[in-house]
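1. The sequence and its predicted three-dimensional model are supplied below.
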Protein chains: 2
Amino acid sequence: MEEWFRILHPKVVTLITSVDKEGRINAAPFSWVTPVCDDPPVVLVGAWYESHTFQNISETGEFVINIVPREYKEKVEICARRFKKGENELEKAGLSWSPAKKVKPPRVDGCLGWLECRAFRIEKEEEKYSFILADVLLFEKGKEGEVLLHFGGKDYGAILQALGR
Amino acid sequence: MEEWFRILHPKVVTLITSVDKEGRINAAPFSWVTPVCDDPPVVLVGAWYESHTFQNISETGEFVINIVPREYKEKVEICARRFKKGENELEKAGLSWSPAKKVKPPRVDGCLGWLECRAFRIEKEEEKYSFILADVLLFEKGKEGEVLLHFGGKDYGAILQALGR
């Protein structure tokens, strides 16, 4: 069954920003993200329960889904590396950020769009799955550009490609 | 918030086959499909609770995710139309099918791959969301080819495009 999930790719790469209880910023790439209702807007994020993102959202409930442009490929790869909890991947990657409008975690500057989200269900079954269901409080479009796609595989960086739209 | 969800597209188009209690075949396109765990293989399908697919899986628990090739675009568009419950969209679309190996719903012939699935959680909150969580019992690759992508929007047919991989 190795890499069975690649058949469901390519998927849009998002950078999810969250904060912990102390307000420290985290950013990590996710592509197992899907709408589950268009109106009201509800989104589901498949985030492993040991990830800082899952832990932060469990603590604070809020996050931003940042849709990154193709030119952020190398920066996304840096955010995909393992850093200690509390370290700000955006700083490491040389990305700047601005306050969101409805939630505490910041928006990443220069993105194609942002979904500001508040989790209303956080589920995990250990060793099997975990996910976050969230209301989309605000959607805003950013600049026009090409989206980054993830073609599956464990090495995040190696399989990112851009697609015009 | 109109069409906010398009920012999370493109997404791979799948044709999900299911059967009702009488064994009558249903097939419908879905793109709000994502892995939520690679090992063990778990998949999540955002399927509206009024769809025949959701109803059939609620009755029988089994389904096949068929990854369709680009040349099935017009056939997928036919499957996206509203038919009466019990009508076989594969027949209407001129698609042929073969028995699956682990589940009752059939596989669509000529696909790029198949995921044979058994639901273990079926959730709905009326007027808000519904989804199916399933174990992937079997994954098999089909022929090589280009995958069909959904670029969002309510008119399924108009926004399908193919992408080489």
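-> Received, thanks. Numbers count the residues shown, from 1 in each chain, chains lettered A, B, ... in the order given.

2. okay, and the helix or strand of chain A with the least pLDDT?
-> In chain A, no helix or strand scores lower on mean pLDDT, DSSP states H and E than strand A:160-163, which sits at a mean of 52.

3. Residue A:53 falls within a helix, correct?
-> Yes - under DSSP: H, G, I helix; E, B strand; the rest coil, residue A:53 falls within a helix.

4. Please enumerate the helices of chain A.
-> In chain A, the segments counted as helices under DSSP state H are A:52-60, A:73-79, A:89-93.

5. nearest to residue B:37, of these?
-> Checking the helices of chain A against residue B:37 by CB to CB gives helix A:52-60 as the closest, at 12.8 Å. Using the backbone N, CA and C atoms, a C-beta is placed for each residue, glycine as well.

6. List the contacts of that closest one.
-> A:16, A:18-21, A:26, A:28, A:30, A:47-49, A:63, A:85, A:104-105, A:119, A:122, A:124, A:130, A:132 (CB atoms under 8 Å, 6 or more residues apart in numbering or on different chains).

7. So how do I select the buried members of the residues you listed in ChimeraX?
-> ChimeraX command restricting those to the buried ones, with burial defined by 16 or more other CB atoms under 10 Å in any protein chain shown:
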select /A:16,18,19,20,26,28,30,47,48,49,63,104,105,119,122,124,130,132
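
8. Quick check: the closest residue to residue A:21 other than its chain neighbours vs residue A:100, distance?
-> Among residues not flanking residue A:21 along the chain, residue A:59 sits closest, at 5.1 Å (CB to CB, 6 or more residues apart in numbering or on different chains). Counting by CB to CB, to the nearest Å, the gap from residue A:59 to residue A:100 is 17 Å.

9. And for residue A:29?
-> In terms of CB to CB, residue A:29 sits 18 Å off from residue A:100.

10. Pick out whichever of these two has more residues nearby.
-> residue A:29 (24 against 21; other CB atoms under 10 Å in any protein chain shown).

11. What distance do you get for that one to residue A:89?
-> From residue A:29 over to residue A:89 (counting by CB to CB), the distance is 9 Å.

12. List the residues that contact the closest residue to residue A:24 other than its chain neighbours.
-> Closest residue in space to residue A:24, ignoring its immediate chain neighbours: residue A:86 at 4.7 Å, by CB to CB, 6+ apart. Residues in contact with residue A:86 (CB under 8 Å, 6+ apart) are A:20, A:22, A:24.

13. Residue A:108 versus the closest residue to the second one other than its chain neighbours, what's the distance?
-> Okay, so that is residue A:22. In space, and not counting its chain neighbours, residue A:22 is closest to residue A:86: 7.4 Å by CB to CB, 6+ apart. From residue A:86 over to residue A:108 the distance is 18 Å, taken as CB to CB.

14. and if you look at residue A:40?
-> 25 Å.

15. so where do the strands sit in chain A?
-> Assigned by DSSP state E, the strands in chain A fall at A:11-12, A:14-19, A:25-30, A:33-37, A:42-45, A:62-67, A:97-98, A:107-108, A:113-125, A:129-141, A:147-150, A:160-163.

16. my read: residue A:7 touches residue B:142, true?
-> No - Residue A:7 lies out of contact with residue B:142 (CB atoms under 8 Å); the separation is 9.3 Å.

17. out of the two, which sits in the busier spot?
-> Neighbour count, other CB under 10 Å: between residue A:7 and residue B:142, residue A:7 has more, with 22 against 18.

18. ok, now which ones touch the more buried one?
-> When contacts are counted by CB under 8 Å, 6+ apart, residue A:7 touches B:12, B:67, B:112-113, B:115, B:139, B:141.

19. So which of the residues you listed is surrounded by the most neighbours?
-> residue B:115 (27 neighbours).

20. Poorly predicted segments of chain A, please.
-> Scanning chain A for pLDDT under 70 picks out A:1-2, A:153-165.

21. ok, the residue at minimal distance from the centre of it - contacts?
-> Taking CA atoms, centre = their mean, the centroid of chain A lies closest to residue A:16, which sits 2.6 Å from it. Shown in contact with residue A:16 (CB under 8 Å, 6+ apart): A:27-30, A:45, A:47, A:53, A:63-66.

22. can I get those in JSON lines with distance to residue A:77?
-> As requested, the contacts of residue A:16 are exported to JSON lines (distance: CB to CB, whole Å):
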{"residue": "A:27", "distance to residue A:77": "12"}
{"residue": "A:28", "distance to residue A:77": "12"}
{"residue": "A:29", "distance to residue A:77": "8"}
{"residue": "A:30", "distance to residue A:77": "14"}
{"residue": "A:45", "distance to residue A:77": "20"}
{"residue": "A:47", "distance to residue A:77": "18"}
{"residue": "A:53", "distance to residue A:77": "17"}
{"residue": "A:63", "distance to residue A:77": "21"}
{"residue": "A:64", "distance to residue A:77": "20"}
{"residue": "A:65", "distance to residue A:77": "18"}
{"residue": "A:66", "distance to residue A:77": "15"}
